[in-house]
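> Predicted model and sequence follow; I will ask about them next.
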Amino acid sequence: MKSYTITVNGTAYEVTVEETGSVSAPAAAAPKAAPKAAPKAAPKAAAPAAGAGAVKVTASVPGKVVKVVASAGQAVKSGDNVVILESMKMEIPVVAPQDGTIASIDVAEGASVENGDTLATMN
């Protein structure tokens with residue numbers, strides 16, 4: 001048996017692994033080709049300059065846009081819902097980070113978003 005210490009998210013765990021036999025590679029194994037580099041992602045389109053606000057409202061989790069609560073031109077206070085996301089069968093409100101006016105809504109209901117994607121901008 002071999003013992004290992006594994007750290008996950010800052011917590012150390014002692015793990016013991018039982019050896020059941022040796023695993024060996026074939027003697028005349030053909031060399032594998034180097035993996036191909038992943039294709040470069042297409043650059044994202046820049047946010048529209050006209051009407052774009054200085055403050056970005058971003059997704060905190062990957063998910064699907066269930067409801068767009070605010071609309072462009074609407075005054076909001078810090079903590080007001082802007083968009084509702086669904087992630088892992090939970091509805092997660094995305095709120096305004098500060099008082100201001102919604103400059104643009106950059107997503108539509110039903111759209112899939114990733115963590116950090118811009119959902120809206122504010123002034």
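In hand now; what should we look at? Worth saying up front: this structure is predicted, and the values here are computed from it rather than measured.

> dump the residue contacts of S60.
I92, V94, N115 (CB atoms under 8 Å, 6 or more residues apart in numbering). (Each C-beta comes from the backbone N, C-alpha and C, glycine too.)

> Figure out the helix or strand that the second one lives in.
Element membership for V94 (DSSP states H and E) is strand 90-95.

> Tell me the helices and strands packed up against that strand.
strand 81-87 (3 or more CB pairs under 8 Å, 6 or more residues apart in numbering; DSSP states H and E).

> Determine how far the strand it packs on lies from the middle of the whole chain.
Distance of strand 81-87 from the chain centroid (CA atoms, centre = their mean, to the nearest Å) equals 14 Å.

> Output the contacting helices and strands for it.
Counting by 3+ CB pairs under 8 Å, 6+ apart, strand 81-87 packs on strand 63-68, strand 90-95, strand 100-105, strand 118-122.

> ok, 7 Å please
Judged by 3 or more CB pairs under 7 Å, 6 or more residues apart in numbering; DSSP states H and E, the packing partners of strand 81-87 are strand 63-68, strand 90-95, strand 118-122.
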